[in-house]
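**Q** Here is my input; please provide its structure:
(one chain, ligands or ions: 2)
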Amino acid sequence: MAFFILLLIILCFLVSVRLFLYRTTLIYRLKKWGHWIEDQIHVHQSLKVPEFNGNNQENLFYRKVSTYLNSLSTIEDSDFTNIISGEKPNGIVLCLDDDQTIHDTFLGARVYWTNKVEKIEEKNLRKKTFLLKLKKKDKRRILQSYIQHIFRASEDIESRCKELKLYMNSETLSGDHGSIGRWRSVRLSHPATLETVAMDSDLKKKVKSDLEAFLKSKQYYHRLGRVWKRSYLLYGPSGTGKSSFIAAMAKFLSYDVYDIDLLKIKDDSDLKMLLLQTTSKSLIVVEDLDRFISSNSKAVSLSGILNFMDGILNSSCGDEKLMVFTMNSKEKIDPAILRPGRIDVHLYFPLCNFNSFRTLANNCLGVKDHKLFPQVEEIFQTGATMSPAEMSELMISNRGSPGRALRSVITALQINVDARVASTSTSVGGKNGMRLHHDGVLAVEKSSSLAETSSVLVMDSSCSVPVVKEFQKLYGLLRMKGSKKIGPSDQYSGSMERSR
Ligand SMILES: Nc1ncnc2c1ncn2[C@@H]1O[C@H](COP(=O)(O)OP(=O)(O)OP(=O)(O)O)[C@@H](O)[C@H]1O
Ligand SMILES: [Mg+2]
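**A** Residues are numbered from 1 along each chain as shown. Ligands and ions are numbered 1, 2, ... in the order given. Purely as a prediction, here's the structure:
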């Protein structure tokens, strides 16, 4: 009997010790000391994974390690860490703090990762490196397969929750000799998709299949000894969807976007440095190239731009890149810029026609057909037109009533016709077409007419100024009416975010 009582007392004691250990930090401290003692008796080796390599190119392995470490459960159990908001609403993501160390185990070996950050105050830069520390005896056994494991795990995570990024280049700081960390990124949140951009449906199909063919042709490009890249020129009047189309292409391909602001570039070598830091599977965008060229900026030379377009520079930092240039007009552009090989696909973005009107009516008003459609079609046949941006603005501000929205479109088109009739400018009628270039490259060219019509509308001040004024009056009127019915809480700015 006494034996059983003794056993019970011992059991109770052990349970209370266990409870005590687990309810306090004691067990945690004991484990930590155990690991510390073990670490002291082993020889360790350290390996650095810097963010940039010697040529200031981004080290792709650094990004993989970052994705991998931020997904480890040990980051959750660490003493402290950073919490940032994730892509999903109310979602959070944990990420390592500066100089924070966490551990990982692989094939029974314990390794340590430290997020080393060196601040260079005068250049306002942060030099980042991941430091891997592991036992020398484990190195030969696990290192190769551990690195493979990191690649596989990070690719898996990236494909599961790929969040597209929009990178923008920042100003060069005076005295800055490198371009480390000049790209600033935000989440690509532009809502446009290839489905929502109003565009001729055959053309959209051709662009889609061109993009898909590009994705599949890695072997082909390599066999030809060519850099795996493709260049698009998107040109057309303002507000016709060029920037929206870039965002749509990025989403379709699942590519990040690097939006290069040439005005923030110091010289040709600065442009080269920035390009070296772009990653593969990305869209490299230069908006309003015509405006930059006509500004006669001395910072970037024509040969700097041509080299960039040739993709020579990019070949050293991984390929699978799509370059996109936008222009309002390519008329005054040096033909060297536009030659095949530099620009593979020319895509013209026209002002609205009846088909694009139908797509916009469906997108903005949810209306596939309406009794006012024949009237709209008739007025388009007289040569009236306006940009999709203006048309969608009218529809969105009157979205409470499709009938009112369509009437406002008819009135705006009528104003446009009247202004054109009043104008002394002459324009020729016709249609836009798409054609295949002699080298088999898909090209959509503005053929004579509507393109001419649009250039008269956009560029001839004698008619565009009254049109703009009339539109402003009309928008004002419609907004007032709209706001009375819809109410202030339902106001909508009507303009989509630009992809910059
Ligand atoms: N083809 C289109 N289909 C759908 N929406 C369009 C289209 N064109 C323009 N829009 C709408 O008009 C707005 C402006 O378009 P966007 O910025 O893409 O035009 P852009 O051609 O890049 O103009 P800019 O030459 O002035 O930069 C966007 O919010 C977009 O919703
Ligand atoms: Mg634009």
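
**Q** going forward, measure contacts between C-alpha atoms and count neighbours the same way
**A** Will do.

**Q** I figured residue 404 hits residue 394, correct?
**A** No: contact criterion C-alpha atoms under 8 Å: residue 404 and residue 394 do not qualify, at 9.8 Å.

**Q** neighbour-wise, which of these two wins?
**A** residue 394 (25 against 17; other C-alpha atoms under 10 Å).

**Q** any idea which element the more buried one lies in?
**A** If you go by DSSP states H and E, residue 394 is part of helix 388-397.

**Q** which helices and strands does that helix pack with?
**A** Counting contacts by 3 or more C-alpha pairs under 8 Å, 6 or more residues apart in numbering; DSSP states H and E, helix 388-397 is packed against helix 354-365, helix 402-422, helix 461-486.

**Q** avg pLDDT for it?
**A** Taken as a whole, helix 388-397 has a mean pLDDT of 93.

**Q** who's in contact with residue 51?
**A** Residue 51 is in contact with 58, 59, 60, 62, 63, 127, 128, 129, counting by C-alpha atoms under 8 Å, 6 or more residues apart in numbering.

**Q** related to what we said a few turns ago, do the helix holding residue 394 and ligand 1 come into contact?
**A** Yes: for helix 388-397, a contact with ligand 1 is found by C-alpha under 6 Å from any ligand atom, at 388, 389.

**Q** Look up how far ligand 1 lies from residue 240.
**A** To ligand 1, residue 240 is 4 Å away according to C-alpha to the nearest ligand atom, to the nearest Å.

**Q** which SS class is that residue?
**A** With DSSP: H, G, I helix; E, B strand; the rest coil as the basis, residue 240 sits in coil.

**Q** Dihedrals phi and psi, it?
**A** The phi/psi pair for residue 240 (degrees, to the nearest 10) reads phi -110, psi 0.

**Q** Surely it touches residue 348?
**A** No: judged on C-alpha under 8 Å, residue 240 makes no contact with residue 348 at a distance of 9.5 Å.

**Q** Get me the contact residues on the protein for ligand 1.
**A** Contact residues of the chain with respect to ligand 1, defined by C-alpha under 6 Å from any ligand atom, are listed as 196-199, 237-244, 328, 388-389, 495-496, 498.

**Q** Give me the buried entries from the residues you listed.
**A** 196-199, 237-244, 328, 388-389 (16 or more other C-alpha atoms under 10 Å).

**Q** Which two of those have the greatest separation?
**A** The span of these, defined through C-alpha to C-alpha, is set by 196 and 328 at 21.4 Å.

**Q** buried ones in stretch 397-405?
**A** For stretch 397-405, a neighbour-count test (16+ other C-alpha under 10 Å) marks 397, 398, 399, 400, 402, 403, 404, 405 as buried.

**Q** Now do the end-to-end distance for it.
**A** Distance between the boundary residues of stretch 397-405 (C-alpha to C-alpha, to the nearest Å) amounts to 8 Å.

**Q** again, but for stretch 93-106
**A** End-to-end distance for stretch 93-106, by C-alpha to C-alpha: 23 Å.

**Q** quick one: buried residues of that stretch?
**A** Across stretch 93-106, burial judged by 16+ other C-alpha under 10 Å covers 94, 95, 96, 99, 100, 101, 102, 103.

**Q** Which residues does that stretch contact?
**A** 69-72, 74-76, 78, 81-86, 110-117, 142, 146.

**Q** Return the distance of that stretch from the chain's centre.
**A** Chain-centre distance of stretch 93-106: 27 Å, with C-alpha atoms, centre = their mean, to the nearest Å.

**Q** Repeat that for stretch 118-128.
**A** A distance of 26 Å separates the centroid of the chain from that of stretch 118-128, by C-alpha atoms, centre = their mean.

**Q** before we move on, what about stretch 134-151?
**A** Distance, stretch centre to chain centre, for stretch 134-151: 34 Å (C-alpha atoms, centre = their mean).

**Q** Next: stretch 41-61.
**A** Chain-centre distance of stretch 41-61: 28 Å, with C-alpha atoms, centre = their mean.

**Q** Give me the buried positions along that stretch.
**A** In stretch 41-61, counting by 16+ other C-alpha under 10 Å, buried: 49, 50, 51, 52, 56, 57, 58, 59, 60, 61.

**Q** Contacts for the helix or strand hosting residue 244, please.
**A** Using DSSP H and E, residue 244 sits in helix 242-253. Contact with helix 242-253 is made by 164, 188, 190-194, 197, 211, 234-236, 256-257, 282-283, 324, 326, 349, 498-499, as judged by C-alpha under 8 Å, 6+ apart.

**Q** Whichever of those residues end up buried, select them in ChimeraX.
**A** In ChimeraX, a selection of the buried entries from those looks like this (16+ other C-alpha under 10 Å):
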select :164,188,190,192,193,194,197,211,234,235,236,256,257,282,283,324,326,349,499
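
**Q** Do you have the strands of the stretch 101-250 of the chain handy? List them.
**A** Using DSSP state E, counting those that start in this stretch, the strands assigned to the stretch 101-250 of the chain run over residues 101-106, 109-120, 125-135, 165-169, 183-187, 229-235.

**Q** List the strands paired with the fourth one, with their directions.
**A** In this case it means strand 165-169. According to DSSP bridges, strand 165-169 has the following sheet partners: strand 183-187 (antiparallel), strand 256-259 (parallel).

**Q** Identify the residues contacting that strand?
**A** For strand 165-169, contacts defined as C-alpha under 8 Å, 6+ apart pick out 182-188, 256-261, 264, 274, 499-500.

**Q** Now restrict the residues you listed to buried residues only.
**A** 182-183, 185, 188, 256-261, 274, 499-500.

**Q** could I get those as JSON lines with pLDDT?
**A** Listed next are the buried ones among the contacts of strand 165-169 as JSON lines, based on pLDDT from 0 to 100:
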{"residue": "182", "pLDDT": "77"}
{"residue": "183", "pLDDT": "86"}
{"residue": "185", "pLDDT": "87"}
{"residue": "188", "pLDDT": "87"}
{"residue": "256", "pLDDT": "91"}
{"residue": "257", "pLDDT": "95"}
{"residue": "258", "pLDDT": "95"}
{"residue": "259", "pLDDT": "95"}
{"residue": "260", "pLDDT": "93"}
{"residue": "261", "pLDDT": "92"}
{"residue": "274", "pLDDT": "85"}
{"residue": "499", "pLDDT": "31"}
{"residue": "500", "pLDDT": "29"}
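
**Q** Could I get those in a markdown table, plus columns for distance to residue 383?
**A** Output for the buried ones among the contacts of strand 165-169, formatted as a markdown table (distance: C-alpha to C-alpha, whole Å):
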| residue | distance to residue 383 |
| --- | --- |
| 182 | 47 |
| 183 | 45 |
| 185 | 43 |
| 188 | 37 |
| 256 | 39 |
| 257 | 37 |
| 258 | 38 |
| 259 | 36 |
| 260 | 37 |
| 261 | 36 |
| 274 | 45 |
| 499 | 31 |
| 500 | 33 |
